[in-house]
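Asker: When you get a sec, could you give me coordinates for this:
(chains A, B, C and D)
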Amino acid sequence: MAGKPIEMRNKKTKEQLENLKTQVEETLSQVDFVIGYAKGYDVLHPTPLFVRSTKDAQALIWDDFCINNLATYLPSQKRPGGLFHPHEKIGLVVKGCDSRAVIQLLQEGIIDRENFKIIGISCQGKVDVKKLKNRVPIERVESAEIKEGSIELTVDSRGQKYPLEEVLYSKCLSCEYPTPLIYDRLVGGEGSLRSKGPKEFAQDPYHDVEEFEKKGVNERLDFWEQEFSRCLRCYACRDICPFCYCQFECIAQTRIPHWLSQKTASKENKFFHMFRAMHLAGRCTECGECERACPVDLPLLLLHKKMNKKVSELFGYRSGINPKLRPPLTIFQPEEKNIEEERWE
Amino acid sequence: MSRGNLEPEKEPVKNGTPPKIIAFLCNWCSYVGADMAGTTRLKQPEGVEVILVPCTGRMDPLFPMKSLVEGAEGVLVSGCHPGECHHQDGNLYARRRLEVLKGFLPFMGFEEERFSYTWISASEGKKWQQVVTKFTERIKSLNGKKD
Amino acid sequence: MRIGLFVCHCGNNIASTVDVKKIVQAGLKLPYVVFATDVDYVCSAPSQKNIEEAIQEKNLNRVVIAACSPHVHEETFRRVLKRAGLNPYLLQVANIREQCSWIHDNVIFATIKALDLVRMAVAKVSHHEPLIAPKVGVDKRALVIGGGIAGIQAALDIAEGNIPVTLVEREPTIGGAMAKLDKAFPTLDCAACILTPKMAEVNQHENIELMVYSEIEDVKGYVGNFEVKIRKKASYVDYEKCVGCGICEQKCPSKASSKFNLGRGDGKAIYISFPQAVPKVATISPKHCIYFQRQKCRVCEKLCPADAVDFKMQDEIVTERFGAIVTATGYSLFDYSQYGEYGGGRYPDVMSGLQYERFLSPTGPSKGEIKRPSDGKKPETIVFVACVGSRDEAKGRPYCSAVCCMYTAKQAILTKERLPESQIYVFYIDIRATGKLYEEFVRRAQEEYGVQYVRGRVSKIYTDNGKLKVRGADTLLGEPVEVDADLVVLATGFGASKGASTLAKKLAISHDSYGFFTESHPKLKPVETNTRGVFLAGACQSPKDIPATVAQASGVASKVLGALSKDQIETSPLVAAVDARRCIGCFQCLGVCPYKAIEETALNDGAKVAEIIPTLCQGCGLCVATCNPGVISLNGFTDNQLISEVEAIVKG
Amino acid sequence: MGMNKVIAVEKIDDWLDTLERTHRILAPFKTGGVTRFEAYQRGKELDLERFAVSSPKEAFFPATETIFNFKLGKENVSETVVSLESQVKNQNQIVFGARCCDAKGLATFDTVFSGSGYQDPYFKKKRNTTLLITIACHQPANTCFCTSVGGGPADPKGADILLTSLDDKYLAQTFSTKAKTLLAGSFFTDATQKDLKEAKDKNEAARQKLKTFSVDGVSQKLTKIFESEYWNEKAAKCLSCGACTYTCPTCYCFNLTDEGKSTGERVRTWDSCMFPQFTLEASGHNPRPKKDHRLRNRVNHKFSYFPTQYRMLSCVGCGRCIRHCPVSVDIREIVQGAQEV
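Answerer: Next up is the predicted model:
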């Protein structure tokens, strides 16, 4: 099919990949390793790649499935003795939504700006593999390609086609920051992507929260009762979250303090997810990794988006946007504008 | 809610039993205010049981959350008025944390009326009686709707 | 675990609505409760003895006492455990009186609730650990902030107890408001005559270090170990060399309003506040000094015989350690210009009580001669208006300032003595004359000196061709009254001294909404604050007259001497501690601690973790609720203890 | 010799209904977009095509299991007595729709819980009353590698009955005496030689679809490279969560805790060697503080420690640990990579 105009989107992605490789190689001199994406066990599942040499860099990929929020590896620099990569200088490939996590971590002071280098890469929205999973047996996918605004998959050597706005992540459909808010280098140029990215598909980011809030209280109670009965307590949602950097000391598993047991009863699971939402209030940057990591597809992002909606209503604060702001629950105002004392008369 | 292992001769009047409400009171203001309501014999419903905390700053939102998840019918938190906290900033941090919790609980299927926080100084025994009576009524009306 | 349960009847205070016997029966069924009994008055001496015996006989290692509020007798019962050889913190008090028997009528429900409270106490006490109150050394030195009569008296009494005192005063001289008075009621002694000897004594006392023209910059530490930074403001005159001859003040060409005379009467850029000032030294006010404003003049530098003027002086910060701190920062006058209807601030012949006192004083602007500021003439009719900025809800000043009725009567008598033929009116609401010989004093003003007391508020003061028209009402006659006055004195009430709330923040003490510092207990601990080691004396706590102020000053001195008499002090063990092994080094706790009691430290593998200084920690628990991994525990209120109480209620 | 019967696809639901009267049936159902083993209920959407998230080990090794209930009572006033009361329900179970790898995983549990050493009564009671009806796998996923670890898409090992799909009907072969009772009844007709041949061909075709790699000598090689930097590289991206172990059909580690104060229960819950708390000692020392230690341990356990002790791999190649890993750590790549270090 020579001569057919290559999909504009794919052309951009390919250029970015070439540019990314050179940027990563240049960054190698300033850091111990750079984390990017490599081909995973199938075309739909890229996997984080730790690049330590130009040879490793050749394995770098960049496509419509590279979704991992690599900022989750940053807090590990803080503590030698325990966590992942104590005191090594890290380079990181960071998309727009991931960059909010980097900024929020800076705001919380758990990482030091000079300990890492950010290779920002502007993004055109990523395909949500779980939306594909509900439509086709993705465990037997052979190929996947974007063509004229749709994705074409071959499974069991049969072609399937779905329009992009049906399969992109919901966070991408309402994306406000396709270009990273913080970076040392930018791949794919900033100018051309100043447009809001896939805005034309845009939805209000909190429409699902508002829908859920319309339900009656018992309906909501039963919904969570039913959802949380599936939770295995594997803690993948906690361990992938960039802000759960106290994962190895988490009170979900301690006896002192003993807030809950490891029983997988719906009540205990519910309490775990509720207190995690409380701990993330005014911090979570809605990257959606917890929902992606959950083996039993719990609607976890809904929880954290509700909390962020409440925090922004009360304190007008959105996480991970302005590095100078202190997270709202670590400060207070003598007079709170949006909090009225309850009237008892 | 079982009544512990007290076996009174006759089971108390079922529908008359006041709903059980947990009240976390700060040591310097609200607990003293509740004591003052006691010294002035201001009658109150029998369901409110007080847990003493050194300051509302100590109030981890997980305590009201755990109380409600474990089945408490209502949770109250009260401390010194903003600006008069014995420990300076305790109630000012608590106000933000508890307001966020108050907005989150209904989303998880708890009626909004089941959790409340307020400020009661050491001399406001009367206000404490009012808060406790009003709050118990609210919980009773909720239970009324339920069964 | 062997828990003893003691349920009190409290006469019939508890027994009237709580079936105590049933609580004891049910209590015996609770796990680990091996002994339970009811007691008539558990706080009585014999009952305390019985508890001690029960502890030893039944070798109890936990005690639950179901009685009145812990605020009443927790300390008492801790001493009981101590005497019985048991760690005093293995105790939990269940409040079944103020928060149960006294507020309920239905015996069944009250008993059920009382049992719940007992079950909560048993559940919590089973998590209690023995706690040892840490002992700390004591710096046997005292700091007194404020050099008015309260500060002076406190400093002298403390110094007499052989404790070195540092007296810090923000003005260039001590004496405070009292130094501004001409006479003091009810004895009409000359205020200076009774004050200046004490001021001199302060200056010469070998145990008192005087730091004038200085302010408190920062306070750290805790009882026995305060570290205070004091800012010695640049006075541009070397106090060591200056002999107070006053030549500089005479020759200084600048014009300034005299701060000491509250803006009435002129003063100079370089000044000595008043003749009997202690220390008698000059100070330069940069705002009015021609050299500072226009880099010219320096007359004072040339003429000073002692070569004491030094324009290059800088503020100096001095850090000193103290065991106790006394705040005696006095009061400020209510700003009467807020009463537009009284013409305050617009009419020169309407002034505050203290300004009028300056006119009465021989060291005042008119050398004691009563003259109308506007035209210097002798006033024939003088009107005093009581309760200006006191007992006035509308102006946000509902309280009574305690002294205005008395100083108004005094000023009326002094005026009548100097202007016998003058006619004096006093508009008042109620006369407050409660001190010794106070009522008789006011009666003398009315009968002997013919001062005309008119009961009613003044509604308006306005000028009509040179005359001040004072319109009010006479509620006894039930008719309006209008007086043409030559001079009006507003008996202005007390407010907190300027900067009181900033000082309160530095001392970690609280204050009410008017800025008066909060005492630990209005009746039983009037001179202490809720922050151990910080004491109060005088008007900074609430408006009061000189006799009450001096009494409080001597009272606070005994408190300070008591606190500093021991070589070691026990601080509360109910403080927080970090489990360094589990701390992840996010330091959110450090960010919220109101007492700056948390520091960064490093483990041997280089990991940075938080560490709490037990003696700085006041046990508020803010860091515990902030620590997401639950790594900080607060003795007496750990997460597991509070959770066990919640579960005792919910799970029954 | 086992029986060979045939049952029409539309008869499966009726068959399950009759079985349900005498057995608790656990089968893969789709709820909330997730296929997982749940108790049978008429009307639930049975999903035999997609892979269940976690394995059917739930049937005999549940995520939460009460070992016994305790109650602190009082004989006489002064000393507290603990009364224990444990009830293990006697319940006939059927695991319907497990894959051959899941069934083979059962062998690991049998070795550990009722092998030569300590016999776990809770496991044994459930194991003896549970029948496995597995289904041959004709469309393996791209993460499956059962043939590389001594298994196969139609390997009957561990199964009581093996169903092989023949388009509109299933061939049902029994491999245990108890299984024969399940095939009575009108739903079944005898299988013909044609059916058996067709099944054999389908199973062989499925086997061809799978790429096989060799694991010879892996156990010894893993021991050799224990100290190598290899593990640091492989574990770099790992988040040290429990998704791989909790969905794995052969992971059997658990935790025992007492919950409750005056009344409560001792409860057994799943635990994961990937959590740091797994090896945290009371002293605070942790022999495996870093995630590369833990990943090395997980792979070594499956491919070195267990085989050395019980002479069989404890990995059945189901690929769940790959599919459910949030960062796609691939155990195949680790094992093959280890051979070249």
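Asker: Could you point out the longest helix of the chain?
Answerer: By default, I'm working from chain A. Secondary structure of chain A read by DSSP state H shows that its longest helix is helix A:8-28.
Asker: Chain D was what I was after
Answerer: Longest helix in chain D, counting by DSSP H: helix D:193-209.
Asker: and that one, C-alpha only, in PDB?
Answerer: Output in PDB follows, covering the C-alpha atoms of helix D:193-209 (Å, rounded to 0.1, in the frame of the first residue of the first chain):
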ATOM      1  CA  GLN D 193     -14.000 -43.500  18.400                       C
ATOM      2  CA  LYS D 194     -14.600 -40.500  16.000                       C
ATOM      3  CA  ASP D 195     -15.100 -38.200  19.000                       C
ATOM      4  CA  LEU D 196     -11.900 -39.500  20.700                       C
ATOM      5  CA  LYS D 197      -9.900 -39.000  17.500                       C
ATOM      6  CA  GLU D 198     -11.300 -35.500  16.900                       C
ATOM      7  CA  ALA D 199     -10.500 -34.600  20.500                       C
ATOM      8  CA  LYS D 200      -7.000 -35.900  20.200                       C
ATOM      9  CA  ASP D 201      -6.400 -33.900  17.000                       C
ATOM     10  CA  LYS D 202      -7.800 -30.700  18.600                       C
ATOM     11  CA  ASN D 203      -5.600 -31.100  21.600                       C
ATOM     12  CA  GLU D 204      -2.500 -31.800  19.500                       C
ATOM     13  CA  ALA D 205      -3.300 -28.700  17.400                       C
ATOM     14  CA  ALA D 206      -3.500 -26.600  20.600                       C
ATOM     15  CA  ARG D 207      -0.200 -28.000  21.700                       C
ATOM     16  CA  GLN D 208       1.400 -26.800  18.500                       C
ATOM     17  CA  LYS D 209       0.200 -23.300  19.100                       C
END
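Asker: ok, back up a step: return the set of buried residues in the longest helix of chain A.
Answerer: By neighbour count on 16 or more other CB atoms under 10 Å in any protein chain shown, the buried set for helix A:8-28 is A:9, A:12-13, A:16-17, A:19-21, A:23-25, A:27-28. The way it works is simple: take the backbone N, C-alpha and C, and place the C-beta from them, glycine included.
Asker: returning to what we had before: can you confirm whether the longest helix of chain D lies near chain A?
Answerer: No: figure legend: helix D:193-209 not in contact with chain A (CB under 8 Å from any CB of the partner chain); closest approach 9.1 Å.
Asker: Can you identify the element that follows that helix toward the C-terminus?
Answerer: Note on helix D:193-209: by DSSP states H and E, the next helix or strand toward the C-terminus is helix D:218-224.
Asker: name the helices or strands packed onto that following helix?
Answerer: helix D:291-300, helix D:331-340 (3 or more CB pairs under 8 Å, 6 or more residues apart in numbering or on different chains; DSSP states H and E).
Asker: Which residues does the helix or strand following the first one contact?
Answerer: It refers to helix D:291-300. Sequence order places helix D:306-310 as the next helix or strand after helix D:291-300, per DSSP H and E. Contact with helix D:306-310 is made by D:Thr108, D:Thr111, D:Gly115, D:Ser219, D:Met312, D:Leu313, D:Ser314, as judged by CB atoms under 8 Å, 6 or more residues apart in numbering or on different chains.
Asker: tell me which strands and helices the helix or strand that comes right after helix D:306-310 is in contact with?
Answerer: Counting by DSSP H and E, the next helix or strand C-terminal to helix D:306-310 is helix D:320-323. Judged by 3+ CB pairs under 8 Å, 6+ apart, the packing partners of helix D:320-323 are helix D:243-247, helix D:331-340.
Asker: nearest spatial neighbour of B:Glu84, skipping sequence neighbours?
Answerer: Leaving aside its sequence neighbours, B:Glu84 sits nearest to C:Ser510 (CB to CB, 6 or more residues apart in numbering or on different chains; 6.1 Å).
Asker: show me what contacts that neighbour?
Answerer: Residues near C:Ser510 by CB under 8 Å, 6+ apart: B:Glu84, B:Cys85, B:His86, B:Gln88, C:Ala504, C:Phe517, C:Thr518, C:Thr529, C:Asn530.
Asker: What of B:Cys26?
Answerer: By CB under 8 Å, 6+ apart, the contact list for B:Cys26 reads B:Val53, B:Pro54, B:Cys55, B:Thr56, B:Ser78, B:Gly79, B:Cys80, B:His86, B:Gly90, B:Asn91.
Asker: just A:Lys267 next, same as before
Answerer: For A:Lys267, the contacting residues are B:Val69, B:Glu70, by CB under 8 Å, 6+ apart.
Asker: Pull up the gap between it and chain D, please.
Answerer: Separation of A:Lys267 from chain D (CB to the nearest CB, to the nearest Å) stands at 12 Å.
Asker: cool, C:Lys436 as well?
Answerer: Counting by CB to the nearest CB - C:Lys436 and chain D are separated by 63 Å.
Asker: swap in A:Cys246?
Answerer: 12 Å.
Asker: what do you get for C:Lys596?
Answerer: The value you get for C:Lys596 to chain D, if CB to the nearest CB is used, is 29 Å.
Asker: who in chain B is up against chain A?
Answerer: B:61-62, B:65-66, B:69-70, B:82-83, B:89, B:92-93, B:95-97, B:99-101, B:103-104, B:106-111, B:116-119, B:127, B:130-131, B:134.
Asker: For ChimeraX, write a command that selects the buried ones of the residues you listed.
Answerer: Buried members of the residues of chain B next to chain A, defined by 16+ other CB under 10 Å, are picked up in ChimeraX with:
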select /B:61,62,65,66,69,70,82,83,89,92,93,95,96,97,99,100,101,103,104,106,107,108,109,110,111,116,117,118,119,127,130,131
